[in-house]
Each structure stands twice: as C-alpha cells, then as structure tokens.
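> Build me a model:
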Amino acid sequence: MKSQTKNTPITGDEIRKTFLEFYESKSHLIIPSSSLIPDDPTVMLTIAGMLPFKPVFLGLRNRPSARASSSQKCIRTNDIENVGVTARHHTFFEMLGNFSFGDYFKKEAIQWAWELITDVYHLKPENIIVSVFHEDHESEKIWRDDIGINPKRIIHLDEKDNFWSSGATGPCGPCSELYYDFNPEKGLKNIDLEDGDRFIEFYNLVFMQYNRDSNGILSDLEFKNIDTGMGLERMAQILQKKTNNYETDLIFPIVKEASVIANIDYFSSEDRTKISLKILGDHTRAIIHLISDGVVASNLGRGYILRRLLRRMIRHGRLLGIKDYFLSKLASLGISLMQNTYPDLKNNKERILREINIEEKRFLETLDRGEKLLNDFICSGEKLISGSKAFELYDTYGFPLELTKEILEEKNINVDLEGFEREMEAQKERAKAASQKIDLTLKGSIEREIDLFDQTIFEGYNSLNSNGVVKGIFFESNSVEKAIKGQAVQIILDQTSFYGESGGQVGDTGTISGDGTEIYIDKVIRKKNIFLHCGTVIKGEIFRNQLVETRVDNSNRAKAESNHTATHLLQSALKIVIDKSVSQRGSLVAFNKLRFDFNSPHPLSKEQILQIESLVNSWIFENHPIQVKHMEKDDALKAGALAMFGEKYGDIVRVVDVPGVSMELCGGTHVRKTSEVGSFKIINELGISSGIRRIEALSGQLVLDYFKERDETVDKLSDLLKANPNQLLDRVNSLQSELINKNKEIQKMKDEIAYFKYSSLSSSVNKIGLFSLIISQLDGLDGNSLQSAALDLTSKLGNKSVVILGGIPDKKNRKLLFVVSFGEDLVKRGMHAGKLINDISRICSGGGGGKPNFAQAGAKDIDKLNDALEYARKDLRLKLLSYSDK
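Down below sits the predicted model:
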C-alpha cells in the first residue's frame, strides 16, 4: 500500500481505496458493502457501517474474520432538514470502517488510526483534536503517552457525545473521536467542538464492550470489539480543501449538472439556490442506491422514504426554475460516478431510471394543483393549516407530510399534526371496513400464557397423522382444564402434523381425536413456534394431558402444497420474463388459490402473462424433483437461494430447491415432484399500490375446476345468443356495433331535446353594461347535455358572455348539476369559472371545479337551487358592473 504524496489532491475513490488497502495490510478481510435494506428488523435502512456486523458483535453469527474492513453505504433521514443547509449533513453517505471481533482492542485501534491519518493521508498533528469518554481513562492514556498527543488536545466528553450505540438496543461502548481543526492558529484555550466552522469530526473509534437491552441495561459482550467509522465525504472535504462536502468530487459533478439544467451558476448563486442544488446532489445518490437495492416508491416504510426524497427533489427543481423532467439526467450521472465501486448500479441502471421516470411523471401530474392549493392557503394569511387540508395534499396530490411542513415552515406557517393523524387513522379505519380479514390475533389469557409453553414439534413434513399430548386448552380466550361438545376452543399440543400458518401458507384443517373425543380444526395459528389449533369440539370432551391423534385433511394439504410449489415456480418465471430484479413483496398460499405480490412499475401485458404461464407449465411437465435441505444461512444465500425481505431467519435455514429452476429459503410444505402440481393458470393481475403488482393464480385440480366453470358459462352464452362457441366472438362484436349505433341515435335525440330546451334561453339574455348574462334552471339534462348547452350559448353570445345553468337531471335521484361558462374577455379580466362554481355548489351541499373558462359541479340539496342561482346573479352583477365602468 502506497502513501499519498503530500499536497496532492486526492479523489474520493482514492480515499476509499487507500483506507481499505491500509487495513488490508494490517490483516483485515475486505468486506463488500451490504445492501441498504438490512437483515436487522429493528431498523428500516442501513444507518451505520457496523450494522451488517451487529449479529457478530452480539455473538449470534460466526465472525467472517478476526479483523475486517469495509466501505458501507448508509442512509439516514432523521435530520433531512439540515441537508444542503450545513456543510456536512447527508441522507446518503459512505462509512469507511475497520473492525475487530474479539481480536485487537483500544491500543492497536488508536495507533493504526493515527498512522493512517498522519503517515498515509498526511494530516498535520497540529490540525488534530481528540475527544474521549470522560470515564475512559485507558484511551486517554494511550493518546497521551503512546501517541504523544498534547493533553490540551484531548477533550473529555460525557455519555451524550462519546458513548456510541447503533440504536435503542444493541452493541455499544465508549468512543474516541478525531476532529480536524481548520484554524489551529486560534489556539487551544476554550475549545468548542460544536463550532462547525472550525472543527469537523471525521473518524470515530468505538470500543465496543457492552450490549444494551430493551430495558436499557448494559451487559458485557462475550468479546471486546472494535468498530470504527470514517465519513468518506468528510475526509474528502478535508483532503480536497473544500469548504463543504458538497463541493468535493463525490457530489459536486451532480450539483454542477443540476445548475446546468437550471441554467444558473452555482458559485455566484445566493444561499437559498445553493441549498436546492446541494439537495439535488445529495438526494440523487440516495435514490439510485435505494432503487438499486430493491426499494420501490410507495406510501409505506422504505418506499415512503424513497418517494419523499424523489418528490423533494422535484420540488427543489421547481424552485430552481426547472419545469421539464430532469431527475433521470442526474441519476444517470450519479450512476456513472459510482458504478465502478458499486457495479449493481450499472447492472440495474435501466430499472433505476424507469422507476425514477414513473415517479417523476406521477408527481408532476398533481404538483401544479397541489402547489396552487398550498399557495392559496399561504395567501390567505392564516398561520395554521388544518389536518384535513394537509391530509388532502397527502392523499389527493401526493405531497408527503414532511414536504408540506417544509414548504409552509418557510412561510412561518404551522401544520395541525394531530388533525393530520386523525385523518390518517380515519382512512385506515375506512380501509379496514372495506376489506374482510381473518382475525388471527390472540386475546386475553392466550396472549399472556402462550409463552409459558414449550415449542410445538412439527411432524407434518413427513406424515399427515401423528400422536401428541394436549398441553393447553383455551375457551373464550381463557385457559381451561377441559372442553366439551359444542365449544369453540384453541388447543396446544406437544407435537402435531398440522402446519401452522406462516410464510404466507395458511394453516392445515382436519381433526384431533382421542378416547371418545373429536375436534374439528379449521385453522392453525403459529406464534413463536407454538401451534394454536383452533376448532370446535364435535364429540365428547377433551382434557389437558390427554393423548390424542392429529389427522390433517389430505385434500386441503395437497392443494396448499401444489399452490406453494407453484408460487416458487411463478417467482422464477417472473424474473425471466419481467426482470431479474423482481422480488416477492408478499404472498398467500391458500387451499383455493395462490397470490403473489411483486415489484413492477408496469402492469403485465397479455403476452407476458402467457409467457409466464407457459414457463411454469413447462417446468411442471418436466417433472423436476423437489429437494429439501438444511443449510447454514450464509451458505444458502451464496448458493443463490432467495430470501424474503422482512423475514427473520436463523443461522440454519430450510432450503426448497427445484434444481435449475428455483431455490428459496422456505419453511412451507411442497409437492415431491413438479408434475404433482398438475397445471398452472393466472386468473388475475392487478396493481395494489404504487410499484407493486399482484398475481392471483390456480394450480392442480383448481385449474380444471376453473375451466369447467368457464365451459359452463360458454354453453349458457351460446344458448342465450343462439350461436355455437366458435361463433360467440363474432356474435358479441355484432351486438356491440348495434349497441353503439343505438347509443348514437339516443344521444342525437337527447341533443335535440336539449337544444329545444335551451334554445329559448337566447331570448332571455340580461345585459349588464357590455356583458351578456344567462342564469337559468334547466332540468332534465344530463351532465354532457348541460355542458353542451352552456358552451353553445356562450359561443353564440360572444367573448363578453356568462352562462350559468343549474338543473335536476332526474327527479328520482334528487341530484343537482351546475355548469359555468365564461367568454374569453372575462377570463382575461381574471375571472375563474372553477372558483365561482365552488361557491355556488356549496350552497347546495356540493362541490366541483374546472378551468377559468368552464367548470361543472354536483350537489345534493335541490331545495336550495334557486338560492344558489340568485347568489350567482348578485355576485356577477357587482363584478360585471365594475368591469363596465373601466
């Protein structure tokens, strides 16, 4: 490893490479960066360089080596409001780190850190300040006596500043931080490390000695460990002698490209403009890595973070005057800057740009309307926006709450956050009411006592029948000693052949029987490897400690096995037909169907669906064996096994392998050969949220039942339409043509009736100065006819005309319709049909909107129709008279 030449600018890539080579020379194993989507369920994104090693530090996983070093990509959004404002806050950043897993400790970590920064990066000792935890006398002694640091350069800090942890729980310990002093000439008196203009913290040495549990209690780790972190962007600022991280070669090319797109000069711009440009530079790096690692924009979890970043970029682009699409240009540059270090960016470039273009197009379609709504509120002079209005911006116009807050805070306007949360909860309740869900929650005594039981041994992989002992009985959520005929119960056994619902597969059905007793089981819930058999006693009584036999319904189990294997084949087919980046986002393996959710920005075409069906069925007919084996998790993943994001796995995993076709980590039940699946048919494909699609499909006997039902429907249609099956399509096309012609005739008659009704209004025009005005009730016309009438009258009356019509289209439905049409002259004078029609319709408990020249609305209260029209007459008379006087 070569040291860098003094006074020579060093690139960001060279800083990274130099760091890794230095620690490789110290016998560290170089570990590639992990995904931004962590295995750790306690955090949503990879927020620290040590996070991938957390299980090692906790003793839950074997160490990859006694020493390791990495450059880890990270995302943090907790202080997003500081991005672009301060010199060094980012959402995306790279953390260079060296780690010891029970090997070296404080002395070596400190000595090597000093060697790296002074002998390799050539930082001057007089520019270095060191902080230590005030109780860590050992570290202070090493810095003072072994390294030779002036004691005045060693600053003692408390737990808040110099005791590190990865979160509320997990590994932690005292740390020692290295700061760069940009102004050493100011001396060593009254040093304030919070002075961001003078000091920047760039290297953090964590001496990991403890683990903090959920109660905040510290316990010694089995081995003392070292975890260090050097911010690549901060080191680049120091070595490249820049005033902030954004002007380093890691980010500035993106900032410069954004300024070119906006046709402005970065260095001569005011601070507010620079902030927007910096935000674009920072967020570009974040979004390309998030999408590359599999995050799809949505309104939930990681997807919400991605969507928020994308929409924040679009908004700051608008502030810079960029009206056209521009995100893909910045993303392409970001990919080219980082693809040598992160090859997945290049491999996933097409998908990254596609996702960005979709999100940009989606947001731009509603941005103008949302911004107008916000601007109207800002202009109103109010200092608090209601929760309902903020929720409307979120739900209707796609404005993340944080974006709304950010825009309004610039104008010193607050948001009713509690009101927003109430609206959000109300929407969730509406969603719940609109869907049917099986209640699998555990209540009362069950929830409290289930952890007292030993794990249930599952015997159902090899046999549908087994013997077991009743360990627990619950009736009406309370623990009981026995249950009698007719009671709905939940039963816990020491071992069972029933599969408990997990991994998307529903639980088995069947019977539990014993000496004079029988219980029908309709579902089995699995909680912490304890199986809760839910059912009804249909014969005799059941007691605790009773020996019983479990009998799984063979037919339902066979359907579940067929559907589960078909689900694995389906995922493999999707990766071939759609994109290798397709991954599971949810699934259901039921007896009557299978359901598979996956990431895709577009609906599947009919051709793609046929391709997928063909692939799956070909694998079924090829009669591949299903191989099940248990492996070390890391070995399974290296062998190509797929894991489901969000699922928790142990060190030993169960692998279901269809050689050459599919390999997944899976605890579910499967057929023995693919031919046992029989056949496969997709029956539905739909979008369930932004970027997430859902396939519903059938396999085995269910496919035959499906086609049998279709045949019966075809036979009925043939009888009804007096045509054989081969002629049905022609017959339906003929009927459609007849229907279209009939509808045209009907519409023509409606137009003639409408013309007859409204033509007489031309003779009842009111003149107000220079302007012609028609305000009238016109019943019996639907929305299209009422619109045609207003536009036709406006055309005949000329540019200085106003036509307002309100009517009851059908007295049976008791609804109102309004239309407002303005001539071109009135629009030029600033009048807006959409605003007026809102005021009119609200009188009748309605609402609507439209363009400046034409708008329409609906309303409910027909008794106030005359009041609404009279309001329009008075309002327009005042406005038109004022225009006539000018």
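> what's the neighbour count on the residue nearest to Leu309 when sequence neighbours are not counted?
Using C-beta to C-beta, 6 or more residues apart in numbering and skipping residues adjacent in sequence, the residue nearest Leu309 is His283, 4.8 Å away. All C-beta spots, glycine's among them, are computed from the backbone N, C-alpha and C. Counted with other C-beta atoms under 10 Å, the neighbours of His283 add up to 26.
> Tyr121 is in contact with Met235, isn't it?
Yes - if you go by C-beta atoms under 8 Å, Tyr121 and Met235 touch, sitting 7.4 Å apart.
> Please name the residues that touch Gly806.
By C-beta atoms under 8 Å, 6 or more residues apart in numbering, Gly806 lies in contact with 776-778, 816-819, 840, 865, 868-869.
> at 10 Å what do you get?
775-779, 786, 816-820, 837, 840-841, 844, 857, 859, 862, 865-866, 868-869, 872 (C-beta atoms under 10 Å, 6 or more residues apart in numbering).
> just to revisit the earlier point, residues shared between the contacts of Tyr121 and Met235?
10, 15, 18-19, 202.
> What's the mean pLDDT across the helix or strand harbouring Asn98?
Assigned by DSSP states H and E, Asn98 belongs to strand 92-101. The predicted model assigns strand 92-101 a mean pLDDT of 95.
> and the helix or strand that that strand is followed by, which residues are buried?
Going down the chain from strand 92-101, the next helix or strand is helix 106-115, by DSSP H and E. Along helix 106-115, these residues count as buried under the neighbour rule (16 or more other C-beta atoms under 10 Å): 106, 108-110, 112-114.
> Please name every helix or strand in contact with helix 106-115.
helix 12-24, strand 92-101, strand 128-133, helix 137-141, strand 170-181, strand 199-212, strand 218-231 (3 or more C-beta pairs under 10 Å, 6 or more residues apart in numbering; DSSP states H and E).
> which of Tyr121 and Met235 has more neighbours?
Neighbours per residue, other C-beta under 10 Å: of Tyr121 and Met235, the larger number sits with Met235, 27 against 19.
> Can you give me the distance of that one to Trp114?
15 Å (C-beta to C-beta, to the nearest Å).
> Can you pull out the low-pLDDT segments for the stretch 401-550 of the chain?
427-448 (pLDDT under 70).
> all helices for it, in order.
Using DSSP state H, counting those that start in this stretch, the helices assigned to the stretch 401-550 of the chain run over residues 401-409, 417-433, 444-449.
> that older thread, touching, the residue nearest to Leu309 and Phe92? I think so.
Yes - between His283 and Phe92 there is a contact at 7.9 Å, judged by C-beta atoms under 10 Å.
> Give the intersection of the neighbour lists for these two.
With C-beta under 10 Å, 6+ apart, His283 and Phe92 have common neighbours 83, 309, 334.
> so what's Glu159 up against?
133-135, 165, 174.
> most remote residue from the chain's center?
Ser763 (59.8 Å; C-alpha atoms, centre = their mean).
> Validate this expectation: that residue resides in a helix.
Yes - according to DSSP: H, G, I helix; E, B strand; the rest coil, Ser763 belongs to a helix.
> where does it sit relative to Leu123, distance-wise?
For Ser763 relative to Leu123 (C-beta to C-beta), the value is 91 Å.
> Over to Arg312?
Taken as C-beta to C-beta, the span from Arg312 to Leu123 is 35 Å.
> one step back: with distance to Arg67 added, can I get the shared contacts of Tyr121 and Met235 in TSV?
Converted to TSV, the shared contacts of Tyr121 and Met235 look like this (distance: C-beta to C-beta, whole Å):
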residue	distance to Arg67
Ile10	25
Ile15	21
Thr18	18
Phe19	14
Phe202	22
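> Could you dump these into JSON lines and include pLDDT, neighbour count and distance to Ser801?
Conversion of the shared contacts of Tyr121 and Met235 to JSON lines gives the following (pLDDT from 0 to 100; neighbours: other C-beta atoms under 10 Å; distance: C-beta to C-beta, whole Å):
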{"residue": "Ile10", "pLDDT": "89", "neighbour count": "19", "distance to Ser801": "72"}
{"residue": "Ile15", "pLDDT": "96", "neighbour count": "26", "distance to Ser801": "70"}
{"residue": "Thr18", "pLDDT": "95", "neighbour count": "20", "distance to Ser801": "76"}
{"residue": "Phe19", "pLDDT": "96", "neighbour count": "23", "distance to Ser801": "75"}
{"residue": "Phe202", "pLDDT": "96", "neighbour count": "25", "distance to Ser801": "71"}
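> With respect to Arg351, which of those is nearest?
Ile15 (29.4 Å; C-beta to C-beta).
> Can you get me a residue count around His28?
22.
> no no, Leu452
11.
> cool, Asn726 as well?
Counted with other C-beta under 10 Å, Asn726 comes out at 8.
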